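K.L.:
model the structure of this input:
(4 chains, ligands or ions: 4)
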Number of protein chains: 2
Amino acid sequence: MGIVRKTKSVKLLLNEFDKNSSAISVITLIERLSLKMNKTTVYRVLDKLEEDKILHSFLGKNGYKWYAKCNGCSVSGHQDAHPHFQCSDCGKVDCLPTNILIPKIPNRKVDISQVLLQGKCDDCYV
Amino acid sequence: MGIVRKTKSVKLLLNEFDKNSSAISVITLIERLSLKMNKTTVYRVLDKLEEDKILHSFLGKNGYKWYAKCNGCSVSGHQDAHPHFQCSDCGKVDCLPTNILIPKIPNRKVDISQVLLQGKCDDCYV
DNA sequence: TTACATTTGCAACCAAGTTGCATTAATGGC
DNA sequence: GCCATTAATGCAACTTGGTTGCAAATGTAA
Ligand SMILES: [Mn+2]
Ligand SMILES: [Mn+2]
Ligand SMILES: [Zn+2]
Ligand SMILES: [Zn+2]
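P.N.:
Ligands and ions are numbered 1, 2, ... in the order given. Next up, the predicted model:
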């Protein structure tokens, strides 16, 4: 069961994703909202927002969990299997609209493909 | 500084990778060698073997660390930027010889690309 | 065999994420 | 608006992958 009640915590979290177009790590959210809600609540609300296909999650550079807004996903499934880019300098993470072509792998049935690119973002590129 | 002394721990770990062609998670190695060496030693030796380009590491499904033998890498750098495949049924992980083409990303300089494919392996595919 | 730097074990620690449970608060019916 | 119901929250304790500091052990070159 996803989100049922529009609680203060739900609104606060959605607001973070509205004012910021890039992905946000759970760590950052917990810290940023530490005065407004408990970390357990952050985890639980994000979990439900993902269930509802409002957000999608993925693992960043060190295995930490990140979330970003979905784009054209319905409750029947996530549509946006896009790569993510993390800047090795500033740590910022973005969803890339690019499509990565995964070739057929012999003897294996691929269901999920997770692509994390690392390098320098525009701001950090000298 | 990488491996300097061929200690018992180094030999034991290398032996695990010799008798097994797929990748091995640190968790598995710690458990499998628990009677022979301390988990701290497992982490430290693996670290050095990676420095020496004998092994390479990557993060699996839940952000856990995995290691696999390198293939044609020299101390000057890892050559094998290949995708990894993890079976969602049995959990086994393999290095894929396949090459994934990463398209040019505007406004970003890509240094590392990390691809984790998930699905069913040959053994688990009905 | 000896000397000495490297490696190891151990125990304590760190931090991301989870769980159980009592309390609080959103919501629909009246 | 008020109440009853039940979802959502806070909190504290826990789990666990990974790290650190340091004293003891061990590999190696002379
Ligand atoms: Mn995304
Ligand atoms: Mn590999
Ligand atoms: Zn940057
Ligand atoms: Zn399998």
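K.L.:
and the residue in chain A that ligand 2 sits nearest to, helix, strand or coil?
P.N.:
Closest approach between chain A and ligand 2, counting by Cβ to the ion: residue A:105, at 13.9 Å. For the C-beta atoms, the positions are set from N, CA and C on the backbone; glycine is no exception. Using DSSP: H, G, I helix; E, B strand; the rest coil, the structure places residue A:105 in coil.
K.L.:
enumerate every residue touching the closest residue to ligand 4 within chain A.
P.N.:
Residue of chain A nearest ligand 4, by Cβ to the ion: residue A:108 (9.0 Å). Counting by Cβ atoms under 8 Å, 6 or more residues apart in numbering or on different chains, residue A:108 makes contact with B:85, B:87, B:117, B:119, B:120, B:121, B:122, B:125.
K.L.:
returning to what we had before: mind listing what the residue of chain A closest to ligand 2 touches?
P.N.:
B:85, B:96, B:98, B:117.
K.L.:
I'd like to know which of those residues are buried.
P.N.:
Buried members of the contacts of residue A:105, scored by 16 or more other Cβ atoms under 10 Å in any protein chain shown, are B:85, B:96, B:117.
K.L.:
inside strands: which ones of these?
P.N.:
Of those, the ones assigned to strands by DSSP state E are B:85, B:117.
K.L.:
now the strands for chain A?
P.N.:
A:24-25, A:55-59, A:65-69, A:84-87, A:93-95, A:109-120.
K.L.:
what pairs with the longest one, parallel or antiparallel?
P.N.:
Each strand that pairs with strand A:109-120, with its direction, by DSSP bridges: strand A:84-87 (parallel), strand B:109-120 (antiparallel).
K.L.:
any chance of TSV for these, columns distance to ligand 2 and mean pLDDT?
P.N.:
Listed next are those as TSV, based on distance: least, Cβ to the ion, whole Å; pLDDT from 0 to 100:
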stretch	distance to ligand 2	mean pLDDT
strand A:84-87	20	96
strand B:109-120	10	94
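K.L.:
which of the contacts of residue A:108 tops the neighbour count?
P.N.:
Highest neighbour count within those: residue B:85, with 25 neighbours (other Cβ atoms under 10 Å in any protein chain shown).
K.L.:
ok, now which ones touch that one?
P.N.:
Taking Cβ under 8 Å, 6+ apart, one finds A:105, A:108, A:110, B:93, B:94, B:96, B:116, B:117, B:118, B:119, B:121 in contact with residue B:85.
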